[in-house]
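Asker: Kindly generate the corresponding structure for this input.
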Amino acid sequence: MTRTGRRPGNPGTREAILTAARDAFSRQGYAGASVRRIAAAAGVDPALVHHYFGTKDELFTAALELPFTPAKVLPQVIAGDPDGIGERLLRTFLGIWDGPGGQQGLAALRTMLARDAEVGLFREFLISQVLRRAVEEYGLPDAAVRVPLAASQLIGVVLVRYVLRLEPLAGASVDWIVATVGPTIQRYLTGELPAPGPAD
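Answerer: Numbering: from 1, shown residues only. Okay, here's the model as predicted:
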């Protein structure tokens, strides 16, 4: 991923930092991972991490190899009242994959899902950096239940539309998908839900 205004640096050093970052974010989550510990695992000074990647958020994005940052996604989701969060969330999410960097994002997603060690990266991005932040922004109750349910719909739509390419989702307009699936995500996030029962 090209980052204007920042020298590429030594490829070996950059990769060592990214490897350490992927491991840290997967194991400890975004909040638990620190730039200092990532730098120590990579055998470099923390200042070098900031020099190559900028902020912790930018390092997380580089580790994911996604063409967008959580900081750019979240404002679009919370830019209104909670009654429309399901529609905004789905429309924003589809806009990412339909956008100019969508193919790069899908390639990164396929790679992460194929490697057990990196599944946690995508989970951390979607759950902690987007959904949980949005739920906390609105003060919605029962986040531990609502967030995974909403994630199941978002991930399902992305996999069916862009990876499996099953109709009618593969060829449908964003408006149709939002109108069809958005209300379900809205109910998961703001509607009444039964208490989750124990697994069989």
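Asker: Return the residues in contact with residue 83.
Answerer: Remark: with contacts taken as C-beta atoms under 8 Å, 6 or more residues apart in numbering, residue 83 is in contact with 186, 190. Just so you know, the C-beta spots here come from the backbone N, C-alpha and C atoms, and that holds for glycine as well.
Asker: Just the CA trace of stretch 173-185, in PDB.
Answerer: Provided in PDB are the C-alpha atoms of stretch 173-185 (Å, rounded to 0.1, in the frame of the first residue of the first chain):
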ATOM      1  CA  SER A 173     -28.000  -3.000  -7.000                       C
ATOM      2  CA  VAL A 174     -26.800  -1.600  -3.700                       C
ATOM      3  CA  ASP A 175     -30.200   0.000  -3.100                       C
ATOM      4  CA  TRP A 176     -32.000  -3.400  -3.400                       C
ATOM      5  CA  ILE A 177     -29.600  -5.100  -1.000                       C
ATOM      6  CA  VAL A 178     -29.800  -2.300   1.500                       C
ATOM      7  CA  ALA A 179     -33.600  -2.400   1.300                       C
ATOM      8  CA  THR A 180     -33.700  -6.100   1.700                       C
ATOM      9  CA  VAL A 181     -31.000  -6.800   4.200                       C
ATOM     10  CA  GLY A 182     -30.700  -3.500   6.000                       C
ATOM     11  CA  PRO A 183     -33.900  -3.900   8.100                       C
ATOM     12  CA  THR A 184     -32.500  -7.200   9.500                       C
ATOM     13  CA  ILE A 185     -29.200  -5.500  10.600                       C
END
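Asker: According to the record, where do the domains of the protein fall?
Answerer: 11-64, 70-190 (automatic domain parsing).
Asker: can you give me the helices in the protein?
Answerer: Ranges of helices within the chain are 11-32, 35-42, 46-53, 56-64, 70-77, 85-98, 102-114, 116-123, 132-138, 143-158, 174-190, based on DSSP state H.
Asker: sorry, back to before: output the domains of the chain in JSON lines, with distance to residue 198 and mean pLDDT appended to each entry.
Answerer: Putting those into JSON lines (distance: least, C-beta to C-beta, whole Å; pLDDT from 0 to 100) gives the following:
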{"stretch": "domain 11-64", "distance to residue 198": "26", "mean pLDDT": "88"}
{"stretch": "domain 70-190", "distance to residue 198": "14", "mean pLDDT": "85"}
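Asker: Of the ones you listed, which is nearest residue 196?
Answerer: For those, the distance to residue 196 is smallest for domain 70-190, at 5.8 Å, taking C-beta to C-beta.
Asker: now the nearest residue to residue 150 once chain neighbours are set aside: how far from residue 62?
Answerer: With sequence-adjacent residues excluded and distances taken as C-beta to C-beta, 6 or more residues apart in numbering, residue 150 is closest to residue 188, at 4.7 Å. Relative to residue 62, residue 188 is positioned 31 Å away (C-beta to C-beta, to the nearest Å).
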